[in-house]
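1. A structural model of the following input is requested.
(one chain, ligands or ions: 1)
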Amino acid sequence: MTPASPLAQPQPDIRRERGQREVFCGLTGIVWLHRKMPDAFFLVVGSRTCAHLLQSAAGVMIFAEPRFATAIIEERDLAGMADLDAELDRVVTRLLDRRPDVRVLFLVGSCPSEVIKLDLPRAARRLGADRPGVNILSYSGSGIETTFTEGEDACLAALVPEAPQGAAGAAPELLIVGALPDIVEDQFARLFADMGIDRVRFFPGRVAHDLPAVGPATRFLLAQPFLGDTARALATRGAERLAAPFPFGAEGTTAWAEAAANAFGVDPMRFRQAVAPGRERAKRAIARHAERLAGQTIFFMPDSQLEVPLARFLAAECGMRPVEVCTPYLHARHLAEELALLPPGTPLTEGQDVEAQLDRVRALRPDITVCGLGLANPLEAEGLTTKWAIELVFTPVHGFDQAGDLAELFTRPLRRRDVLRV
Ligand code: SF4
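-> Modelled structure (predicted):
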């Protein structure tokens, strides 16, 4: 697939809504980030609500030693009766004394810490000065500042300044940006090796403190559409973003890999040979589900920022009809290639006014509504079929070998509905 030039396309009409939101906060990202970076620890400075959210989102902690925790801000802290800096120092000191394996500690801000204006970046600098072997960083996962997937963006953006500066004259290196399950990372590494690109790094990698050098020789491909701040931080180092659709489905993954092939001067024949087996596997796997999905309508409520690429995949490769695609934030430049590939006239909405969006869902009665957990049950009770947006982030869905699983995530609720109707 050759993505249409975004410059040649008319700019789509985008409805912008500001109102009540029904989205998880950025703390949720810790659930997948702590698995990706086993030498990192995430200390949320928050309330009991934050601790409950993390515990229920992460489920049972399966590690002998946990990799995240919540330092609870008590009522007397909120009332300004305690020296929070001293308490935080005490908690961090105790944690790091007990856990010498932690090499990167993230202090994660929350709504309460934002409200009382706890200066976590300053605390991180202060604490880091006393602990030379541990990199202490901070970012915000607060629901005031971030939605669901923006926590990952804030975390990775905080990591970028820690990466060594790459030299201007260095050999070009490809950087894949966005937390991917290890199995997907391995598949992409093999794909790029088959294409002849051997200087490839992943960000974040499996070892949080081993960061790739970033500089003018860095060419980066975003694996996720919600990494605006991270991309900006990389660009300030001189790194160049390779414009591409996102690696969802046979076509999306081909176009994504092709952007790297073009940037690294890969011979077109070698590129085609490298992608052909995976692309064919993906097409066959998708075809099994496309039969059920073709002609079905889908409405995306704004949640993960994956909405536009997924709508493109479902329309282009599965024959679905997106009747409205809402996204919390629409990064026009990063999504330009995706927007150009959406069916013309697809209604797009940025932001949320939940009641107005629910009214439109009820009026359109789509075959599938992709939404957050809080909205799914009420909509199911009204006879609508739903898909939890959070599953799309927790399940490996990138690349050729996950393309069939991605399509299946959408056939499953339809099959469940068929069974219930019988
Ligand atoms: S950060 Fe805010 S929205 Fe998230 S769990 Fe804590 S209080 Fe709730």
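
2. On the strand side of things, show who the nearest residue to residue 203 once chain neighbours are set aside bridges to.
-> For residue 203, ignoring the flanking residues on the chain, the nearest one in space by Cβ to Cβ, 6 or more residues apart in numbering is residue 177 at 5.0 Å. C-beta: built from backbone N, CA, C; applies to glycine. Per DSSP bridges, the residues bridged to residue 177 are residue 203, residue 222.

3. From what I see, residue 177 and residue 234 are in contact.
-> Yes. Between residue 177 and residue 234 there is a contact under Cβ atoms under 8 Å: 7.1 Å.

4. I'd like the distance between the residue in the stretch 201-350 of the chain that the ligand sits nearest to and residue 22.
-> The ligand sits closest to residue 328 of the stretch 201-350 of the chain, with a gap of 14.0 Å, by Cβ to the nearest ligand atom. Distance of residue 328 to residue 22, given as Cβ to Cβ, to the nearest Å: 11 Å.

5. what about those two, which has more around it?
-> residue 328 (22 against 17; other Cβ atoms under 10 Å).

6. OK, contacts around that one?
-> By Cβ atoms under 8 Å, 6 or more residues apart in numbering, the residues touching residue 328 are 21, 23, 147-148, 150, 302-303, 305, 350-352.

7. in stretch 141-153, what's buried?
-> Neighbour-count burial for stretch 141-153 flags 141-143, 145-153 (criterion: 16 or more other Cβ atoms under 10 Å).

8. Who are the contact partners of residue 157?
-> Residue 157 makes contact with 139, 229-230, 232-233, according to Cβ under 8 Å, 6+ apart.

9. Would you state the strands of the stretch 151-300 of the chain in chain order?
-> 173-177, 200-203, 218-222, 240-241, 297-300 (DSSP state E, counting those that start in this stretch).

10. a markdown table for those, including distance to residue 288, mean neighbour count and mean pLDDT?
-> Conversion of those to a markdown table gives the following (distance: least, Cβ to Cβ, whole Å; neighbours: other Cβ atoms under 10 Å; pLDDT from 0 to 100):
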| stretch | distance to residue 288 | mean neighbour count | mean pLDDT |
| --- | --- | --- | --- |
| strand 173-177 | 28 | 22 | 98 |
| strand 200-203 | 30 | 20 | 97 |
| strand 218-222 | 28 | 24 | 98 |
| strand 240-241 | 34 | 18 | 98 |
| strand 297-300 | 18 | 23 | 98 |
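
11. With distance to the ligand added, can I get these in CSV?
-> Converted to CSV, these look like this (distance: least, Cβ to the nearest ligand atom, whole Å):
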stretch, distance to the ligand
strand 173-177, 25
strand 200-203, 25
strand 218-222, 25
strand 240-241, 30
strand 297-300, 22
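
12. got these as JSON lines, with distance to residue 47 columns?
-> What follows is these, written out as JSON lines (distance: least, Cβ to Cβ, whole Å):
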{"stretch": "strand 173-177", "distance to residue 47": "31"}
{"stretch": "strand 200-203", "distance to residue 47": "31"}
{"stretch": "strand 218-222", "distance to residue 47": "33"}
{"stretch": "strand 240-241", "distance to residue 47": "37"}
{"stretch": "strand 297-300", "distance to residue 47": "31"}
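
13. Pick out the residue of this protein closest to the ligand.
-> Closest point on the chain to the ligand, by Cβ to the nearest ligand atom, is residue 143, at 2.7 Å.

14. That residue should be in a helix, yeah?
-> No. Secondary structure of residue 143, determined by DSSP: H, G, I helix; E, B strand; the rest coil: coil, with no helix assignment.

15. what do residue 177 and residue 234 both touch?
-> The overlap between the contact sets of residue 177 and residue 234 (Cβ under 8 Å, 6+ apart) consists of residue 220.
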